[in-house]
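[1] What would the 3D arrangement of this be:
(2 chains)
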Amino acid sequence: EAGVAQSPRYKIIEKRQSVAFWCNPISGHATLYWYQQILGQGPKLLIQFQNNGVVDDSQLPKDRFSAERLKGVDSTLKIQPAKLEDSAVYLCASSLKGPDTQYFGPGTRLTVL
Amino acid sequence: GNSVTQMEGPVTLSEEAFLTINCTYTATGYPSLFWYVQYPGEGLQLLLKATKADDKGSNKGFEATYRKETTSFHLEKGSVQVSDSAVYFCALSRTGTASKLTFGTGTRLQVTL
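    Model prediction:
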């Protein structure tokens, strides 16, 4: 069974630029999560989707971050404009349904200069 | 709110030594508890989980018991190997649709020959 796919694996941008990350969850998984992992810290949830609806986006900085999950499968996370403090690994995870075990992708490491 | 506290690392052990990584939590209700592992250059992988009090999760020689009275979920292994070198994250999730994981800060384990 294919795991959670993410791209790109690495991205370097300058502050005030825009960036987008893509995630393809495990086939059939209804719930998709985006986490931000700053170096030396545990991952922090940014947004949770159930199919194509948002369940929790309370910690998403909505002035610069946006995410969508059209058709309830793939998802994109965008940052516009980026700040230095956005440097982190962005992890995508999926689960069959809400409370089930979450499976993580390899992450996208973002460096903002 | 929900939170997880882990012992700070790094933890350095010789091969075949006994491992304990402490984890305590604060949560309302009855959360599920998890240990995730992150090997160098790889994504987060579920190591083990427990969903109710007194449950013991186990996998690959690692064990952890859900102790509600002490709000703890300590990770143990009787004999570590060099290949166990990784960062270990304790996490909890609420039941229900909004099932985000709340992570600790992670504990780096280094096993030497």
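[2] what about the nearest residue to B:K100 once chain neighbours are set aside, neighbour count?
    Nearest residue to B:K100, sequence neighbours excluded (CB to CB, 6 or more residues apart in numbering or on different chains): A:L45, at 4.1 Å. Any C-beta I mention is one placed from the backbone N, CA and C, and that applies to glycine too. By other CB atoms under 10 Å in any protein chain shown, the residues close to A:L45 number 22.
[3] A:L45: which element?
    In the assignment (DSSP states H and E), A:L45 maps to strand A:44-50.
[4] next helix or strand past that strand?
    strand A:53-56.
[5] For the closest residue to A:A20 other than its chain neighbours, grab the count of nearby residues.
    Counting by CB to CB, 6+ apart, A:A20 lies nearest to A:K78, which is 4.7 Å off, once chain neighbours are set aside. Other residues near A:K78 come to 14 when the count uses other CB under 10 Å.
[6] now A:K78: how far from A:A5?
    18 Å (CB to CB, to the nearest Å).
[7] close enough to count as contact, B:T51 and A:T101?
    No: counting by CB atoms under 8 Å, B:T51 does not reach A:T101; the two are 10.3 Å apart.
[8] How many residues are close by the single nearest residue of chain A relative to chain B?
    Nearest residue of chain A to chain B (CB to the nearest CB) works out as A:G42 at 3.0 Å. A:G42 is flanked by 21 other residues according to other CB under 10 Å.
[9] wouldn't it be in contact with B:G104 here?
    Yes: counting by CB under 8 Å, A:G42 does reach B:G104; the two are 5.4 Å apart.
[10] Contacts only, for A:D56.
    Taking CB atoms under 8 Å, 6 or more residues apart in numbering or on different chains, we find A:D56 in contact with A:45, A:47-48, B:98, B:100.
[11] what's the closest of the residues you listed to A:K83?
    Each of these was scored against A:K83 by CB to CB, and A:I47 proved nearest at 18.0 Å.
[12] Next, count neighbours for the closest one.
    A:I47 has 25 nearby residues by other CB under 10 Å.
[13] which residues touch it?
    A:33-34, A:54, A:56-57, A:60, A:67, A:77.
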